[in-house]
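> Coordinates for the following, if possible.
(2 chains)
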There are 2 protein chains.
Amino acid sequence: MPSDEDSMVVTPYEVKGDIDYDKLVKQFGAELIDAALLKRFEKHAGELHYLLRRGVYFSHRDMKWVFDELEKGNPFFLYNGRGPSGHTHIGHLTQFIFTKYMQDKFQVPFYFQLTDDEKFVHNFEMTLEQTNFFARENALDLIAMGFEPDKTHIIIDSEHAGTLYPLAIRVAKRITFSTVRATFGFTNSHNIGQIFYTSFQAVPSILHSVRVGRNVPCVIPLAIDQDAHFRVARDVLPKIGYFSPAILHSKFLPGLQQGGKMSASDPESAVFTVDPPKVIEKKLRNAFTGGRGNAAEQRKLGGNPDICSIFANYQLVFMPEDDKLGEIERRCRSGEMLCGECKGICIELATEYLTKHQERREEARDKIEDFLLKDP
Amino acid sequence: MPSDEDSMVVTPYEVKGDIDYDKLVKQFGAELIDAALLKRFEKHAGELHYLLRRGVYFSHRDMKWVFDELEKGNPFFLYNGRGPSGHTHIGHLTQFIFTKYMQDKFQVPFYFQLTDDEKFVHNFEMTLEQTNFFARENALDLIAMGFEPDKTHIIIDSEHAGTLYPLAIRVAKRITFSTVRATFGFTNSHNIGQIFYTSFQAVPSILHSVRVGRNVPCVIPLAIDQDAHFRVARDVLPKIGYFSPAILHSKFLPGLQQGGKMSASDPESAVFTVDPPKVIEKKLRNAFTGGRGNAAEQRKLGGNPDICSIFANYQLVFMPEDDKLGEIERRCRSGEMLCGECKGICIELATEYLTKHQERREEARDKIEDFLLKDP
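Below is the predicted model of the structure:
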């Protein structure tokens, strides 16, 4: 019989089973973020972001080395990205919020990769025109978050292949089919675009170094399901003369239904940044919570925020203030507040947040060219 | 025990065993060029090229359809290329000579692909800088042959990836690892650059259609070891809305040593276009011939041009005139001429040919940008 650990699958292409983050960190050979590391964050950033305080970013690779280098006067750059199989959802905002905090506090360059090629080769029914459309839509969400245009470089794989491909084949030359088979679970039936793709995801982690002509540490804040790409990349990049990127792993934002993570390809699992108020309200009203079978029971026993998708939304996106979040948690656990009231609060916060976001998102349409990576 | 057919291996990455071209054509599912097809060549081109008359181009796929389309007023375009693992050798000139005949007679566009990416991922010891250097050197040889700049588009994979990659992934999505394993003999130990590469070689066979916005037949004159790429491409391209390319297969120019073909990675197997007269002379003097053990025996029994690398050089490159070639053959078979004299003739022809070529090759350095494909 498979153990719990065996039944938990977390790759960029499949997330299943009950996620045990501690086990995952061990399995992936990463390290939990400890108090000492948090102190270094606080020291250098001036303040600890709520996503660090709350343990949403919970695990890392090589961040101690990144701070050592920073202290020697060798600052890092930031890289992460998004697979544009659909519109941006609230789960993605977590990563944007945290990366913006990192850029603001450390004033460093940030490369954001939109992998329209990946989503095209992995989704038989999607055309490259569709994934490219969503890449440009997703870019609007990033820009709407207020990143600095001078320091932010958006890469769209199909549009920047002229820059990426010559670097990708240097990576690809060092990766065998055996490696991608073991790492991503690929079989002989996977297509050669899927097999090759990971070499494209490795490239932005050296791109800044290539552009400035010297090795610069790279920090990648990402959801832990993307780790596989960088386990491979971290092995290969030193062999071709570059630093291995450091990684900051976040937990997933749970989906609005029970189990699973938010997914851009499952519209009901997530609130999307483009959803109008009525849709936001409907999705959140239908969300899975930690409530009891009936009101009387809940008044007596209290709710369970630990398994509640609404509470996760507060934690990760809509309620950066610890005191407000603590009050919500207290009222829930005590049975003082029922799910209906709590959903109402969440709907109000989400609607306000996303209405403003949608305005900035439309304004971003005129700015997108300023943010796209300039090919040399 | 393996049969003869089994021991003959002809893929883009390995050529071994005694090559039986008739068996190869059957094995690959191609068709021999017959008298009827030669007639259509002659009719449309005005004359039959010596490489067709001599059966150097001997096999094809879909050329009848190409002439049908031509007769309906839908002319084709040309595509072939070269893997820049070293300088151009005389064997490559055969392809250039024939393709120039096709362009001159049919006045059609020609796409020439220099696969510096392929040679980089396939040769562990070569850098991309080296394969790219040879790509640009090889381009000079092509230009030196006198192709028309308006109708000739040189593609260098690492430099044109911006145009090629978005098309390559459309091809790659339809090719599984099983297919490339069976077609190219790849194993789990091959790297993912090698595995992906064939999708790049497929692209120029649709590139003209993409650029003009309608399906145009493509004709690819190539040495038969490259057939594997197009067996795969011909399966895939109709699934994504394009014509399968038609193919014209040539035999290999045999290497200067006994057995094997000329190879850019084995300097002694071939005369290179950049070789100075002394090197040309030395290589041809040492070449394997169809001569006998000693002069007396050869005077009596005659030589055998069928297995002679010098005779192959006349046939394929240096002696387009059938009467002259016939006279050489007669004098060889009769024992009237010994190998020393014959090599002297070949050295003279080769030196004259290559000295002129080298002049045009140097002049080509100023023209290369005119020939490079313009990205849209």
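> how close does residue A:191 get to chain B?
Using CB to the nearest CB, to the nearest Å, one gets 5 Å for the distance from residue A:191 to chain B. Quick note: C-beta positions are derived from backbone N, CA and C, even for glycine.
> Kindly apply the preceding question to residue A:182 instead.
Spatial separation of residue A:182 from chain B under the definition CB to the nearest CB is 10 Å.
> same question, residue A:109
Using CB to the nearest CB, residue A:109 is found at 22 Å from chain B.
> Check what pLDDT residue A:3 gets.
Residue-level confidence at residue A:3 comes out at 48, pLDDT.
> longest helix of chain A?
Under DSSP state H, the helix in chain A containing the largest number of residues is helix A:339-363.
> the helices in the stretch 251-376 of chain A, which residues?
Secondary structure of the stretch 251-376 of chain A by DSSP state H, counting those that start in this stretch: the helices cover A:277-285, A:295-301, A:309-313, A:322-333, A:339-363, A:368-371.
> Out of these, which is closest to chain B?
helix A:368-371 (16.6 Å; CB to the nearest CB).
> If you count contacts, what does the closest one end up packed against?
In terms of contact count using 3 or more CB pairs under 8 Å, 6 or more residues apart in numbering or on different chains; DSSP states H and E, helix A:368-371 is assigned the packing partners helix A:128-144, strand A:152-156.
> Just tell me which of the ones you listed ends up closest to residue A:282.
Shortest distance between residue A:282 and those, using CB to CB, is found for helix A:128-144: 21.0 Å.
> Low-confidence ranges, the stretch 201-350 of chain A, go.
A:264-265 (pLDDT under 70).
> And the contacts of stretch A:337-357?
Under the criterion CB atoms under 8 Å, 6 or more residues apart in numbering or on different chains, residues A:90, A:141, A:144, A:271, A:273, A:275, A:277, A:280-281, A:284-285, A:287, A:289, A:291, A:295, A:298-299, A:303, A:310-311, A:313-314, A:317-319, A:328, A:331-332 lie in contact with stretch A:337-357.
> ok so, going back, so of the helices of the stretch 251-376 of chain A, which one's packed in deepest?
Comparing those on average neighbours per residue, with mean count of other CB atoms under 10 Å in any protein chain shown, the densest one is helix A:309-313 at a mean of 24.
> To residue A:112, which of the helices of the stretch 251-376 of chain A lies closest?
Distances from residue A:112 to each of the helices of the stretch 251-376 of chain A were compared using CB to CB; the shortest belongs to helix A:368-371, at 8.3 Å.
> Pick out the residue in the stretch 101-250 of chain A sitting closest to chain B.
Counting by CB to the nearest CB, the stretch 101-250 of chain A gets nearest chain B through residue A:162, at 2.9 Å.
> what's the answer for the stretch 251-376 of chain A, then?
Nearest residue of the stretch 251-376 of chain A to chain B (CB to the nearest CB) works out as residue A:375 at 7.6 Å.
> Apart from its chain neighbours, what residue comes closest to that residue?
Taking CB to CB, 6 or more residues apart in numbering or on different chains as the measure, residue A:375 lies nearest to residue A:163, with 4.9 Å between them; neighbours along the chain are not counted.
> And for the one you found, the neighbour number?
By the other CB atoms under 10 Å in any protein chain shown criterion, the neighbourhood of residue A:163 contains 20 residues.
> what's whatever helix or strand it lives in in contact with?
Secondary-structure assignment from DSSP states H and E places residue A:163 in helix A:161-172. Under the contact criterion CB under 8 Å, 6+ apart, helix A:161-172 has outside partners A:117, A:155, A:157, A:196, A:199-200, A:202-203, A:206-207, A:210, A:233, A:236-237, A:240, A:373, A:375-376, B:117, B:120-121, B:128, B:158-166, B:191-193, B:196, B:375.
> how big is the angle separating that helix from helix B:161-172?
For the pair helix A:161-172 and helix B:161-172, the angle between their directions (axes from the mean of the first three to the mean of the last three CA atoms, to 10 degrees) equals 60 degrees.
> How many residues are close by the residue of the stretch 101-250 of chain A closest to chain B?
Residue A:162, neighbours per other CB under 10 Å, totals 18.
> Distance check, it against residue B:159.
Counting by CB to CB, to the nearest Å, the separation of residue A:162 from residue B:159 is 8 Å.
> of all the residues in the stretch 1-150 of chain A, which ones are close to chain B?
Residues of the stretch 1-150 of chain A lying close to chain B (CB under 8 Å from any CB of the partner chain) are A:117, A:120, A:121, A:124, A:128.
> ok, residue A:317 - contacts?
Taking CB under 8 Å, 6+ apart as the test, what residue A:317 contacts is A:90, A:93, A:94, A:97, A:253, A:353.
> just wondering, since we're on residue A:70, how far is it from chain B?
The value you get for residue A:70 to chain B, if CB to the nearest CB is used, is 32 Å.
> tell me which element that residue is part of?
Using DSSP H and E, residue A:70 falls within helix A:63-71.
> pLDDT at the closest residue to residue A:81 other than its chain neighbours, what is it?
Here the nearest residue to residue A:81 in space, its sequence neighbours aside, is residue A:113; by CB to CB, 6+ apart that works out to 3.3 Å. In the prediction, the pLDDT value recorded for residue A:113 is 98.
> If residue A:113 is in a bridge, with which residues?
As for beta bridges, residue A:113 partners with residue A:81, residue A:155 under DSSP bridges.
> can I assume it is in contact with residue A:201?
Yes - at 7.1 Å, residue A:113 counts as touching residue A:201 under the criterion of CB atoms under 8 Å.
> What mean pLDDT does stretch A:56-70 get?
The predicted confidence, averaged over stretch A:56-70, sits at 98.
> Can you tell me what sits against that stretch?
Counting by CB under 8 Å, 6+ apart, A:21, A:24-25, A:30-33, A:37, A:40, A:44, A:49, A:51, A:75-76, A:94, A:98, A:106, A:217, A:219, A:221, A:224, A:230, A:234, A:244-251, A:315-316 sit against stretch A:56-70.
> Straight-line length of it, end to end?
Distance between the boundary residues of stretch A:56-70 (CA to CA, to the nearest Å) amounts to 23 Å.
> for the helix holding residue A:163, the distance to its chain's centre please.
Going by CA atoms, centre = their mean, to the nearest Å, the spacing between the C-alpha centre of helix A:161-172 and its chain's C-alpha centre is 24 Å.
> roughly how far apart are the nearest residue to residue A:320 once chain neighbours are set aside and residue A:146?
Leaving aside its sequence neighbours, residue A:320 sits nearest to residue A:50 (CB to CB, 6+ apart; 4.7 Å). Computed as CB to CB, the residue A:50 to residue A:146 distance reads 17 Å.
> Of these two, which one has the most company?
Comparing residue A:50 with residue A:146 by neighbour count (other CB under 10 Å), the higher total belongs to residue A:50, at 18 against 12.
> hang on, that one packs against residue A:322?
Yes - here residue A:50 lies in contact with residue A:322, judged by CB under 8 Å, at a distance of 6.8 Å.
> mind giving me the domain split of chain A?
Taking automatic domain parsing as the domain assignment, the record places the domains of chain A at A:4-256, A:267-363.
> so which of the ones you listed gets nearest residue B:185?
In terms of CB to CB, the element of the domains of chain A nearest to residue B:185 is domain A:4-256, at 13.0 Å.
> which residues do residue A:113 and residue A:201 both contact?
Going by CB under 8 Å, 6+ apart, residues that sit against residue A:113 and also against residue A:201 are residue A:81.
> quick revisit: how many degrees apart are the helix or strand following the helix holding residue A:163 and helix A:161-172 in direction?
Under the assignment DSSP H and E, the closest C-terminal helix or strand after helix A:161-172 is helix A:177-184. Here helix A:177-184 runs at an angle of 100 degrees relative to helix A:161-172 (the same axes, to 10 degrees).
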